[in-house]
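K.L.:
Provided below are the primary sequence and the corresponding predicted coordinates.
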Amino acid sequence: MPKTDFIVDLSLLNVDEPIADLEEIRALNPQRFEMEQLTGVLYEDTESLTCAGYKDVSHEEFWCRGHMPGMPVMPGVIQLEAVAQLSSFFAQRHDLLGAEMVGFGGVDAARFRDVVLPGDRLILMIRLSKARRGRMIVADFQGVVGQKLVVDGTIRGIPLPIDAVKDYLASRQS
């Protein structure tokens, strides 16, 4: 089997010295509590539009009890959420969309190549291939546990119409 080329050289990543911790992530990403799927950001390069972060997968994750009993496997959709949060962090940190909030806009060619289990550290990497201000970002992504590729594909982010959503929610409360 050929050696996988990772988006970011894993030897450049040091979890003991993140460039952004949970508090810095929270300043740019709105997810809280059980929906926070990014533990830290480890690397970014604005010239190549690459970024790497990680999720420490604990035995206390909200999905462990039910997915699946006795054999907790991190759901693919949660892995995609972690990638989306890394992409959003990078886009917001560098104001690539000019939006108050970045939303999950879609995923293409996602492949889940191995399981992610409690106790694993899921390294996430993205490389933006498009950044259209006010429209969308598109990023190729990879997830790695140890030295093994566990997930890859392409993800899209879109600006969320925050004011329209707030107005709609307010109208439903009246």
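P.N.:
Received, thanks.
K.L.:
for Ala91, give me its contacts.
P.N.:
Counting by Cβ atoms under 8 Å, 6 or more residues apart in numbering, Ala91 makes contact with 97, 102, 131, 137, 157. C-beta here means a position set from N, CA and C on the backbone, and glycine is covered the same way.
K.L.:
got any ranges where this structure has weak pLDDT?
P.N.:
Under the criterion pLDDT under 70, the flagged ranges of the chain are 1-4.
K.L.:
ramachandran angles for the residue nearest the centre of it?
P.N.:
Nearest to the geometric centre of the chain sits Val83, at 2.2 Å (Cα atoms, centre = their mean). With angles defined as degrees, to the nearest 10, Val83 sits at phi -60, psi -40.
K.L.:
gap between it and Ile155?
P.N.:
Using Cβ to Cβ, to the nearest Å, one obtains 6 Å as the distance from Val83 to Ile155.
K.L.:
my guess is Leu28 meets Phe90, correct?
P.N.:
No. Contact criterion Cβ atoms under 8 Å: Leu28 and Phe90 do not qualify, at 9.1 Å.
K.L.:
more crowded one of these two?
P.N.:
A direct count of neighbours by other Cβ atoms under 10 Å for Leu28 and Phe90 places Phe90 higher, at 27 against 17.
K.L.:
how about the more buried one, nearest residue that isn't a chain neighbour?
P.N.:
In this structure, Phe90 finds its nearest non-sequential neighbour in Cys51, 4.2 Å apart by Cβ to Cβ, 6 or more residues apart in numbering.
K.L.:
which of the three states applies to the one you found?
P.N.:
Secondary structure, DSSP: H, G, I helix; E, B strand; the rest coil: Cys51 is strand.
K.L.:
with Glu44 instead?
P.N.:
Judged by three-state DSSP, the three-state class of Glu44 is strand.
K.L.:
for beta bridges, what are the partners of it?
P.N.:
Judged by DSSP bridges, the bridge partners of Glu44 are Cys51.
K.L.:
look up how far Val77 lies from it.
P.N.:
From Glu44 to Val77 the distance is 25 Å (Cβ to Cβ).
K.L.:
what about the two, which has more around it?
P.N.:
In this view Glu44 and Val77 are compared by other Cβ under 10 Å, and Glu44 has more residues nearby, 20 against 10.
K.L.:
thanks a lot, see you next time.
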